[in-house]
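K.L.:
heads up, no residue letters with this:
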């Protein structure tokens with residue numbers, strides 16, 4: 001008997017995901033869901049187009065009722081809590097899905113783990129490089145020098161600025177959008193400044209800063 005059962009009715013594993021029912025789900029919705037199972041089973045058994053059409057029509061009817069029930073439920077909740085701002089905002093958060101707890105928080109590293117990850121990363125680099133002393137300057141490996149740059153015209157500067165993406169940094173003296181908006185007034189000054197920097201081979205100290213934000217390529221735990 002056991003061999004026959006294993007042959008014709010073998011044991012199969014399946015995973016079932018249990019979801020919480022919606023707040024507006026009532027007896028009528030459950031009844032419609034139960035009604036949809038009957039044409040679905042009939043279509044899977046026969047495979048006829050007529051049975052498939054009946055199943056699709058029933059599904060559309062069911063989802064139409066779901067939308068009506070959901071709209072009526074939230075409208076009733078908002079009308080009932082109109083005089084209670086705190087509960088009303090909680091209702092809005094539930095409606096917008098903002099009160100759902102993220103399942104990714106448990107996988108997010110803590111600030112200490114973030115710091116330990118970079119400290120360990122730097123320590124491994126130092127160990128692999130033999131703890132060589134920090135070198136702040138590099139020797140000149142090339143004997144070729146560039147003595148002068150081409151002087152750019154105002155039209156070249158304008159094209160370069162207008163073709164740049166509208167991105168800004170906290171270190172920028174003015175936002176890029178503002179710079180482009182008032183470019184006709186600022187263009188003569190910018191042209192002289194860029195050409196002077198190239199001719200003198202000098203970059204102002206204020207332009208030698210950068211903002212670097214470390215980001216993890218993968219989790220450390």
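P.N.:
That came through, no problem. Predicted model only: the values in this text are computed from it and were never measured. Numbers count the residues shown, from 1 in each chain.

K.L.:
lowest-confidence helix or strand of this structure?
P.N.:
One helix or strand of the chain scores below all others by mean pLDDT, DSSP states H and E: helix 85-96, with a mean of 78.

K.L.:
give the buried residues for the helix or strand following that one.
P.N.:
Next helix or strand after helix 85-96 toward the C-terminus (DSSP states H and E): helix 111-128. For helix 111-128, burial by neighbour count (16 or more other CB atoms under 10 Å) applies to residue 117. Any C-beta I mention is one placed from the backbone N, CA and C, and that applies to glycine too.

K.L.:
can you list the buried residues in the next helix or strand after helix 111-128?
P.N.:
Next in sequence after helix 111-128, counting helices and strands by DSSP H and E, comes helix 154-163. Neighbour counts over helix 154-163 (16+ other CB under 10 Å) mark 157-158 as buried.

K.L.:
where are the low-confidence patches of the protein?
P.N.:
Residue ranges of the chain with pLDDT under 70: 14-20, 97-107, 131, 134-136, 138, 140-142, 146, 216, 218-221.

K.L.:
let me see the domain layout of it.
P.N.:
Per automatic domain parsing, the structural domains of the chain span 20-96, 148-204.

K.L.:
select, out of the ones you listed, the one closest to residue 118.
P.N.:
Residue 118 sits nearest to domain 148-204 of all these, at 22.1 Å, using CB to CB.

K.L.:
which helices and strands does the helix ranked longest in the chain pack with?
P.N.:
In the chain, assigned by DSSP state H, the helix with the most residues is helix 49-80. With contacts taken as 3 or more CB pairs under 8 Å, 6 or more residues apart in numbering; DSSP states H and E, helix 49-80 sits against helix 27-46, helix 85-96.

K.L.:
any chance of these in a markdown table, plus mean neighbour count and distance to residue 128?
P.N.:
A markdown table is the format used below for the helices and strands packed on helix 49-80 (neighbours: other CB atoms under 10 Å; distance: least, CB to CB, whole Å):
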| stretch | mean neighbour count | distance to residue 128 |
| --- | --- | --- |
| helix 27-46 | 13 | 61 |
| helix 85-96 | 13 | 49 |
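
K.L.:
so which of these comes closest to residue 181?
P.N.:
helix 85-96 (35.6 Å).

K.L.:
what's that closest one packed up against?
P.N.:
Short answer (3+ CB pairs under 8 Å, 6+ apart): helix 85-96 packs on helix 49-80.

K.L.:
okay, buried residues for the helix it packs on please.
P.N.:
Using 16+ other CB under 10 Å as the test for burial, helix 49-80 gives 51-52, 54-55, 58, 62, 66, 69-70, 73-74, 77.
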